[in-house]
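Chemist: Here is my input, please return the structure:
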Amino acid sequence: MLACPAWQTRVNAVAMANTLKPLVFAVTMFSRAINRLNPEILQRNSLAVPDRMSAFMRPIKDTRIEKVQLPECGAEWVIAPNAGNAGDPTILYFHGGAFITCGLGTHRRMISHISRGARARVLSVDYRMLPLHSIHDSVADGLDAYRLILASGINPATVVFAGDSAGGFLAAMTALRVKEEGMPLPAGQVLISALTDSDMAPKLRPRRAYPDAMFPAATVKFINDVFVTKNGTDLETGSPVESDLAGLGPFLQQVGSREMLRNDALRLAERLDEDGVVDWLQIWDRAPHVFQIGADVNPDARRAIAEIGVFTQSVVAAATASVSDANVG
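Modeler: Now for the predicted structure:
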């Protein structure tokens, strides 16, 4: 565990627990009532946040944003001033939002910090979301984004998949789909406060021992029951911890010590070890869910993003060296 959290981390966690968490709980209770009255209302309406609602989330200064159209969704390249040079890594990024909300705009600022920290071009995917589409559709969009990267001539050994929260789930599942398709594997995966296990019990069990600063247990259960499983009618999603992870590149996991998803990270670490995959697990003391988004004001968030940069550079260097050795051999 990375100890001695900055005061900004502690204040952020307390503030979220006393403001955002009660609001999320209230919205959950309201949505639960709607679902009981008419389940179809929630299933036929998009909950995505339009980009115009997050226009204030501008990237860091001099970052280039280049829009891209994939077969079924949009995407954008986020390229910090020090990134995009020949040989630099490429990150394929999946934003979080519980599979139902957020988008390119909400995560643009954090992604630009990651681009700068890793000296990497980042392709951020505006994947299709629940409830109008399935998680399988989201993964298919990630696969299309990876195909675009490969078609542009980028060496797969320089590519890292990354995502936060639900996006971390999609990053891992897309890597597994790449393996299933027999495509060249990326160098590694970065999962930030990621959902990795479809089992709700490990998330709900420890809520009294270390209460999550952001998510009430009722909200996590509601999202799973109503949106992910579509009121129990779709139980075929699967998850990284239920999959054969052998052959994938190294993982970096970052999670807060009191997050509900901490046990997901621990369980994935066990599974990666069982399947012989390297895992860098970082548990940040008292950090709330996806605290990296506060990189402008929180030194812990900046340290975490610097760690993402170190990991990205390290696995890309190792993967490219391995490819070079194979070619020489």
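Chemist: use CA for all of it now, contacts and neighbours both
Modeler: Fine.
Chemist: And the strands in the stretch 1-150 of the chain, which stretches?
Modeler: 64-69, 74-79, 90-94, 121-126 (DSSP state E, counting those that start in this stretch).
Chemist: helices or strands up against the second one?
Modeler: Applying 3 or more Cα pairs under 8 Å, 6 or more residues apart in numbering; DSSP states H and E, we find strand 74-79 packed against strand 64-69, helix 104-118, strand 121-126.
Chemist: Indicate each strand paired with it and its parallel or antiparallel sense.
Modeler: The pairing partners recorded for strand 74-79 under DSSP bridges are strand 64-69 (antiparallel), strand 121-126 (antiparallel).
Chemist: what's in contact with it?
Modeler: Residues outside strand 74-79 that contact it (Cα atoms under 8 Å, 6 or more residues apart in numbering): 63-69, 104, 108, 111-112, 115-116, 120-127, 145.
Chemist: Same check on the first one?
Modeler: Counting contacts by Cα under 8 Å, 6+ apart, the residues outside strand 64-69 that touch it are 74-81.
Chemist: for the third one, same thing?
Modeler: Contacting residues not belonging to strand 90-94 are listed as 120-127, 142, 145-146, 158-164, 167-168, 170-171 [Cα under 8 Å, 6+ apart].
Chemist: residues contacting the closest residue to R128 other than its chain neighbours?
Modeler: Spatially, and ignoring its direct neighbours in sequence, R128 is nearest to S138 (5.2 Å; Cα to Cα, 6 or more residues apart in numbering). Contacts for S138 were tallied using Cα under 8 Å, 6+ apart; they are 127-129, 170.
Chemist: Now distance to D285 and pLDDT too, for the residues you listed, in JSON lines please.
Modeler: Shown next, in JSON lines, are these (distance: Cα to Cα, whole Å; pLDDT from 0 to 100):
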{"residue": "Y127", "distance to D285": "31", "pLDDT": "97"}
{"residue": "R128", "distance to D285": "33", "pLDDT": "96"}
{"residue": "M129", "distance to D285": "31", "pLDDT": "95"}
{"residue": "L170", "distance to D285": "25", "pLDDT": "98"}
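Chemist: who wins for neighbours among the residues you listed?
Modeler: L170 (34 neighbours; other Cα atoms under 10 Å).
Chemist: Quick check: that one vs D225, distance?
Modeler: 19 Å (Cα to Cα, to the nearest Å).
Chemist: Buried by neighbour count: which residues of the longest helix belonging to the chain qualify?
Modeler: Once the chain is assigned using DSSP state H, the helix that runs over the most residues is helix 299-328. Neighbour-count burial for helix 299-328 flags 299-302, 304-309, 311-313, 315-317, 319-320 (criterion: 16 or more other Cα atoms under 10 Å).
Chemist: Now the element after the lowest-mean-pLDDT helix or strand in the chain, going C-ward?
Modeler: Here the helix or strand of the chain ranked lowest by mean pLDDT, DSSP states H and E is helix 201-204, holding a mean of 76. Once the chain leaves helix 201-204, the next helix or strand it forms, by DSSP states H and E, is helix 217-222.
Chemist: Contact partners for N82?
Modeler: N82 makes contact with 116, 119 under the criterion Cα under 8 Å, 6+ apart.
Chemist: that older thread, what's the longest helix of the chain packed up against?
Modeler: Judged by 3+ Cα pairs under 8 Å, 6+ apart, the packing partners of helix 299-328 are helix 104-118, strand 159-164, strand 188-192, strand 251-256.
Chemist: change it to 6 Å
Modeler: Here helix 299-328 touches helix 104-118, going by 3 or more Cα pairs under 6 Å, 6 or more residues apart in numbering; DSSP states H and E.
Chemist: now the angle from the helix it packs on to strand 74-79?
Modeler: Between the axes of helix 104-118 and strand 74-79, defined by axes from the mean of the first three to the mean of the last three Cα atoms, to 10 degrees, the angle is 30 degrees.
Chemist: and helix 104-118, what does it pack onto?
Modeler: Helices and strands touching helix 104-118, by 3+ Cα pairs under 6 Å, 6+ apart, are helix 299-328.
Chemist: From the chain's centroid, how far away is the helix it packs on?
Modeler: 18 Å (Cα atoms, centre = their mean, to the nearest Å).
Chemist: Stretch 58-66 now?
Modeler: Chain-centre distance of stretch 58-66: 20 Å, with Cα atoms, centre = their mean.
Chemist: Need the mean per-residue confidence for it.
Modeler: For stretch 58-66, mean pLDDT is 93.
Chemist: can you count the residues close to S31?
Modeler: Neighbourhood size, S31 [other Cα under 10 Å]: 18.
Chemist: Which residue, neighbours along the chain excluded, lies closest to it?
Modeler: S31 sits nearest to L42 (Cα to Cα, 6+ apart), 8.0 Å away.
Chemist: before we move on, what about R109?
Modeler: Using Cα to Cα, 6+ apart, the nearest residue to R109 is P59, at 4.2 Å.
Chemist: Please apply the same query to V255.
Modeler: Nearest to V255 is S193, by Cα to Cα, 6+ apart, at 4.6 Å.
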